[in-house]
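Here's a sequence, model it:
(one chain, ligands or ions: 1)
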Amino acid sequence: MSAFAYNAEGDMMAEGVALEAIARQVGTPFYCYSTAALRAGWQEFADGMRGMNASVCYALKANSNLAVIKLFGDLGAGADIVSVGEMRRALAAGIPGRRIVYSGVGKKPSELMAALEAGIGQINVESSAELEMLNAVAGQLGVKAHITIRVNPDIDAGTHEKITTGRKDDKFGIDIDLAREAFALAGRLPNLKVVGVAMHIGSQLTTLDPYRDAIARVRELIVQLRADGHRIDRFDIGGGLGIVYADEKPPAIGDFLQVVRKETDGLGCELTFEPGRRLVGEAGVLVGEVILVKPGVSKTFVIVDAAMNDLIRPTLYDAWHDILPVRRPRPDAATIRCDIVGPICESGDYLAQNRDLPPLSAGDLVMVRSAGAYGAVMASSYNTRPLAPEVMVDGTRFAVVRPRPTIDEMLSSERFPPWMEKA
Ligand SMILES: *Cc1c(COP(=O)(O)O)cnc(C)c1O
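Coordinates of the predicted model:
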């Protein structure tokens with residue numbers, strides 16, 4: 001059962017709270033996250049990992065609201081971060097440094113230094129240049145950096161062009177054919193301690209075969225590396241499990257873990273999982289209000305106050321998000337063909353195109369489903385639109401976990417150069 005469903009009176013509820021009630025209090029647009037849904041995803045991982053030597057480092061970039069991070073941290077999650085900003089978020093939410101994994105293809109020396117100073121448990125290195133850089137930084141600090149090397153297993157994850165990361169031509173990881181050289185280099189660098197191998201083959205995967213193939217390739221590599229004299233104690237599998245946007249049938253978390261368990265059997269590695277989207281995507285929605293409806297010759301434009309700056313996925317990834325009226329339409333209501341668009345001056349500013357929806361009019365609320373991942377985190381204030389607030393629901397209570405900034409707050413960080421100031 002989804003945490004977002006109509007009640008008997010026809011009001012769309014987030015658990016026990018009507019979205020309309022939240023809209024009245026915080027205004028639109030806003031993001032809303034369900035605690036029950038967030039917990040349910042976590043629990044599936046926890047159940048599936050029972051008896052495995054494995055842990056979950058939640059990939060913050062999918063949704064890095066502090067309340068969301070703390071919820072997972074309190075349940076026992078570590079964090080997968082890709083910037084020092086995310087590191088600060090993880091630490092601020094109470095996740096200890098030793099449970100943080102630092103990924104990313106272009107970490108700066110200053111960032112590596114900050115990570116080592118904070119006692120980050122594992123740095124996933126993605127190039128020989130980064131090995132040298134990290135070795136130098138660790139030497140300056142007089143510490144040994146614990147690293148894995150992220151390899152690129154050359155597997156097509158079969159997902160959208162912009163979120164597949166494990167093919168030879170993608171910028172991520174070290175080509176699996178060059179990995180032994182990289183490990184040899186790491187072994188010679190005095191301030192690095194190699195603890196394992198990492199991979200992450202893409203995002204929104206809806207089949208398990210790419211995982212199976214990639215793990216098999218990395219497994220072979222691990223055997224070679226051990227023969228070369230390296231200690232490989234950890235295998236970081238990455239994230240990438242898909243969710244339902246339209247009619248996808250992503251594998252159950254338990255089935256995914258079962259495949260990993262089988263493919264890594266006897267390897268003797270501690271496993272790390274870095275799920276992002278799967279833990280938060282379906283647990284969040286974006287709610288907007290219809291500003292006006294503009295009938296056209298071939299279709300109708302429903303102009304809402306949520307826009308591409310709030311949710312860029314439709315225009316960036318051709319993503320399809322389900323859109324529902326917050327007030328349940330009458331079952332016999334006729335539908336009209338429409339585009340749900342925002343007010344921004346870009347033709348790419350749409351949330352949905354060519355949908356058959358019951359007639360909507362000014363003041364109606366609409367809910368965009370599966371917006372909990374790569375939604376609020378990718379928002380911008382383009383057109384000087386304040387970032388949409390984020391709300392967390394837990395049972396019958398809700399709280400604003402990031403307020404909408406005022407326009408004054410938005411303007412206050414900017415200044416005129418001195419030569420423009422009045423005398
Ligand atoms: C983005 C990313 C993840 C999370 O990906 P999801 O598809 O959201 O699960 C995990 N690990 C790394 C290294 C990433 O870059």
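
pretty sure residue 383 is in a helix, no?
Yes. Using DSSP: H, G, I helix; E, B strand; the rest coil, the secondary structure at residue 383 is a helix.

That one - nearest residue in space that isn't next to it in sequence?
In space, and not counting its chain neighbours, residue 383 is closest to residue 344: 5.2 Å by C-beta to C-beta, 6 or more residues apart in numbering. Where C-beta positions appear, they are placed from N, C-alpha and C, glycine not excepted.

now residue 204
Per C-beta to C-beta, 6+ apart, closest to residue 204 is residue 242, 4.3 Å.

Could I get the contacting residues of the one you found?
Contacts for residue 242 were tallied using C-beta atoms under 8 Å, 6 or more residues apart in numbering; they are 159, 203, 204, 205, 206, 248, 250, 277, 278.

Same question for residue 196.
122, 148, 232, 233, 234, 235, 236, 269, 270.

which SS class is the second one?
For residue 148, the secondary-structure state derived from three-state DSSP is strand.

wait, doesn't it sit right on residue 236?
Yes. Counting by C-beta atoms under 8 Å, residue 236 is a contact partner of residue 148 at 5.6 Å.

what residues are shared contacts of the two?
Contacts common to residue 148 and residue 236, judged by C-beta under 8 Å, 6+ apart, are 122, 124, 196, 197, 198.

Tell me the spacing between the last one and residue 71.
The spacing between residue 198 and residue 71, counted by C-beta to C-beta, to the nearest Å, is 25 Å.

ok, and residue 129, which helix or strand is that part of?
According to DSSP states H and E, residue 129 maps onto helix 128-141.

on that earlier part again, who's more crowded, residue 198 and residue 71?
residue 198 (27 against 23; other C-beta atoms under 10 Å).

Neighbours of the closest residue to residue 341 other than its chain neighbours, how many?
Leaving out its chain neighbours, the residue that sits closest to residue 341 by C-beta to C-beta, 6+ apart is residue 350, at 4.6 Å. Neighbourhood size, residue 350 [other C-beta under 10 Å]: 18.

Residues contacting the helix or strand of the chain with the lowest mean pLDDT, please?
Least confident helix or strand of the chain, by mean pLDDT, DSSP states H and E, is strand 174-175 with a mean of 92. The contact list for strand 174-175 (C-beta under 8 Å, 6+ apart) reads 126, 127, 128, 149, 150, 151, 152, 154, 168, 182.

Which one (most neighbours) among those residues?
residue 149 (29 neighbours).

For that one, name its beta-bridge partners.
residue 125, residue 197 (DSSP bridges).

Distance check, it against the ligand.
13 Å (C-beta to the nearest ligand atom, to the nearest Å).
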